[in-house]
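>>> Sharing a model that was predicted from the sequence below.
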Amino acid sequence: MATADGTSSSRGAAINDTIAAIATPPGRGAVGIVRLSGPEAVAIAECMTGALPPPRTVALRGFRDAAGVVVDHGLVLYFKAPHSYTGEDVVELQGHGGTVVTGMVLAAALAAGARQARPGEFSQRAYLNDRMDLAQAEAVADLIDAATRSAARAAERSLQGVFSRRVEALQRALIEVRVRVEGALDFSEEEAGWFGAELQWAMEQARDELEALLAAGTQGRRLTEGYTVAIAGQPNVGKSTLMNRLAGTDAAIVTAIPGTTRDVLRESLDLDGLPVTLVDTAGLRDSDDPIEREGILRATHAFTRCELILYLVDAREGVTATDRTLMATLPPAVRHLVILNKADLLGERPLPDGAPLAISAADGRGIAQLVRAIRESAGVEDAPAAFSTRSRHLDALRRTHDHLELAWGYLRDGDAAELAAEELRAAHRSLGEICGELDSEELLGRIFAGFCIGK
Ligand code: GDP
Ligand code: MG
């Protein structure tokens, strides 16, 4: 339960101060909102505005600073604990949206006893007061940071608990399995034998759901964390032209002179809902020009940090011996797709058998297929992701899966029910990390530090 007297949150963390922050983005705007949350929120706001209106009603008030000077006037909105975003008393002061004036309202709140909130601290309090679980709190940040409409929709579904509910259902299924296995520890082997088939069924159900969740979660993670794709190839094969075609801009300079691109260029794209960072690089070749050599060095570095490399070749030449040598220098851990560019120059010449994807960056042919290939490589199929996730969640799901498999192995080989029970406990623990049943200060610190201030 939320605590009006501010002693402790339902998750046990002590919260005894009142935080304040500007909740609207910096700059000029129609409104600028200062938000207060905590045990002293009402007292601090009343010191600035006089008596508050009843909860969930709005009043027009002057906002006074410590000297009693009205610095702005606007709407006051009061949410009484526990029916607020944070679960604490929350007051919003909605004034005029200017950098200076909103800052003065915040300064007045701080002078009246509030403390400047850290990034994500309002959401952290919402989590600590059980207003949402950890995966939902993360979805708040992912919704705010969503780079595409699909990403925003997926984050909204996670915020509504679509992902958390599936994790919780799985948690209940795991508890069922644990109950059976721990119960079996008390029986002799002959007695325990009768429930083997039922236990196997329960474990298979849990594993199937875990795998389904991992598959859906992999798609969801792409939407929040995006996908980084680099374009590689020899000079003049059309890398920068492809970059511009996919980005729909003229970001990269294109000329017929080999060695034009010397820097690493990045563009953010929305590939049918998939947020992609596309990286254009200098063409790979031996060069005496120190600037070009630096560009090639940077390109090589960029390849190690991307998830997919589009290796472009001139369709008229196909993959040459030089290309094979260059491709061998690409980081082996990163997938690469060979793409034939300048297909428009092939005329009637047919593509060689088993030819890779052929495109024309100049006239756009094959680009739709290329986009599909990129999406497929990212593991994002046609259906939009049902919810958003993060690598942290997938990592926990994978560990849960591993423990479950080990447990199953021990049970199958018989006589190792103790070890199986231990693995099932570990599976339960890993899964619990997702919604924050078993959190640590360090984990919470890391998660909420990624939020914006005022959320
Ligand atoms: P980069 O060095 O790999 O970045 O290659 P650029 O994008 O700078 O292109 C080199 C030259 O090839 C330019 O003259 C482009 O106009 C031309 N080019 C690029 N893509 C195509 C294509 O698909 N078809 C044709 N006909 N020309 C292209
Ligand atoms: Mg270029």
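The structure has been received and is ready for your questions. Ligands and ions are numbered 1, 2, ... in the order given.
>>> Secondary structure element holding the nearest residue to H73 once chain neighbours are set aside?
Nearest non-adjacent residue to H73, counting by C-beta to C-beta, 6 or more residues apart in numbering: G62, 4.4 Å away. For glycine as for every other residue, the C-beta is placed from the backbone atoms N, C-alpha and C. Secondary structure from DSSP states H and E places G62 in strand 58-64.
>>> just R35 next, same as before
Using DSSP H and E, the element containing R35 is strand 29-37.
>>> what packs against the following helix or strand past that strand?
Following strand 29-37 in sequence order, the next helix or strand is helix 41-49 (DSSP H and E). Applying 3 or more C-beta pairs under 8 Å, 6 or more residues apart in numbering; DSSP states H and E, we find helix 41-49 packed against strand 58-64, strand 70-79, strand 90-97, helix 99-111.
>>> most packed of those?
Comparing those by mean neighbour count (mean count of other C-beta atoms under 10 Å), strand 90-97 comes out on top with a mean of 23.
>>> Now do it against strand 29-37, angle only.
160 degrees (axes from the mean of the first three to the mean of the last three C-alpha atoms, to 10 degrees).
>>> Residues contacting the strand holding R35, please?
Residues from elsewhere that reach strand 29-37, judged by C-beta atoms under 8 Å, 6 or more residues apart in numbering: 18-24, 44-45, 74, 84-86, 88-98, 101-102, 105-106, 109, 114, 117, 122, 125, 454.
>>> One more: stretch 432-447?
Contact with stretch 432-447 is made by 11, 120, 124, 127, 133-135, 137-138, 164, 167-168, 171, 392-393, 396-397, 429, as judged by C-beta under 8 Å, 6+ apart.
>>> Can I get the buried ones among those as something I can paste into PyMOL?
The buried residues among these can be selected in PyMOL (16 or more other C-beta atoms under 10 Å) with this line:
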select buried, resi 120+124+127+133+134+135+137+138+164+167+168+171+392+393+396+397
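>>> Which ones among the contacts of stretch 432-447 lie within helices?
Among these, the ones falling in helices (DSSP state H) are 124, 127, 134-135, 137-138, 164, 167-168, 171, 392-393, 396-397, 429.
>>> Including distance to ligand 1, could the helices and strands packed on helix 41-49 go into CSV?
As requested, these are exported to CSV (distance: least, C-beta to the nearest ligand atom, whole Å):
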stretch, distance to ligand 1
strand 58-64, 56
strand 70-79, 53
strand 90-97, 44
helix 99-111, 42
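>>> Let me know which of these is the nearest to ligand 2.
Ligand 2 sits nearest to helix 99-111 of all the helices and strands packed on helix 41-49, at 40.3 Å, using C-beta to the ion.
>>> in the stretch 151-300 of the chain, which spans are strands?
According to DSSP state E, counting those that start in this stretch, the stretch 151-300 of the chain carries its strands in the segments 227-233, 265-271, 274-280.
>>> Just say which of those strands is most tucked in.
Highest mean neighbour count of the strands of the stretch 151-300 of the chain: strand 227-233, a mean of 25 (counted as mean count of other C-beta under 10 Å).
>>> From M104, how far out is the residue of the chain at minimum distance from ligand 1?
At 2.9 Å from ligand 1, G238 is the closest residue in the chain, using C-beta to the nearest ligand atom. With distances taken as C-beta to C-beta, to the nearest Å, G238 is found 55 Å from M104.
>>> list the contacts for V338?
Contacts of V338 by C-beta under 8 Å, 6+ apart are Y311, V313, V319, M327, P356, L357.
>>> Quick check: buried residues in the helix or strand where it lies?
Of the helices and strands defined by DSSP H and E, V338 is found in strand 335-341. Across strand 335-341, burial judged by 16+ other C-beta under 10 Å covers H336, L337, V338, I339, L340, N341.
>>> For the fourth one, give me its contacts.
So that's I339. Per C-beta under 8 Å, 6+ apart, neighbours of I339: L310, Y311, L312, V313, P356, L357, A358, I359, L370.
>>> now do 7 Å
Contacts of I339 were listed using C-beta atoms under 7 Å, 6 or more residues apart in numbering, and they are L310, Y311, L312, P356, L357, I359, L370.
>>> which regions of the stretch 51-200 of the chain sit below the pLDDT cut-off?
Applying pLDDT under 70 to the stretch 51-200 of the chain flags the ranges 186-195.
>>> Which residue does it have closest to ligand 2?
For the stretch 51-200 of the chain, C-beta to the ion, closest residue to ligand 2: A147, 24.8 Å.
>>> That residue against P275, yeah?
Yes. Counting by C-beta atoms under 7 Å, A147 touches P275, with 3.8 Å between them.
>>> so what sits against both of those two?
Overlap of the contact sets of A147 and P275 (by C-beta under 7 Å, 6+ apart) consists of G226, S268.
>>> got the phi/psi numbers for the residue nearest to G103 when sequence neighbours are not counted?
Spatial nearest neighbour of G103, chain neighbours left out: I22 (7.3 Å); criterion: C-beta to C-beta, 6+ apart. Torsion angles at I22 (phi, psi; degrees, to the nearest 10) stand at phi -80, psi 120.
>>> how near is I22 to E40?
Computed as C-beta to C-beta, the I22 to E40 distance reads 18 Å.
>>> repeat for D344
According to C-beta to C-beta, D344 stands 69 Å off from E40.
>>> Of these two, which one has the most company?
Higher neighbour count among D344 and E40: E40, with 21 against 16, using other C-beta atoms under 10 Å.
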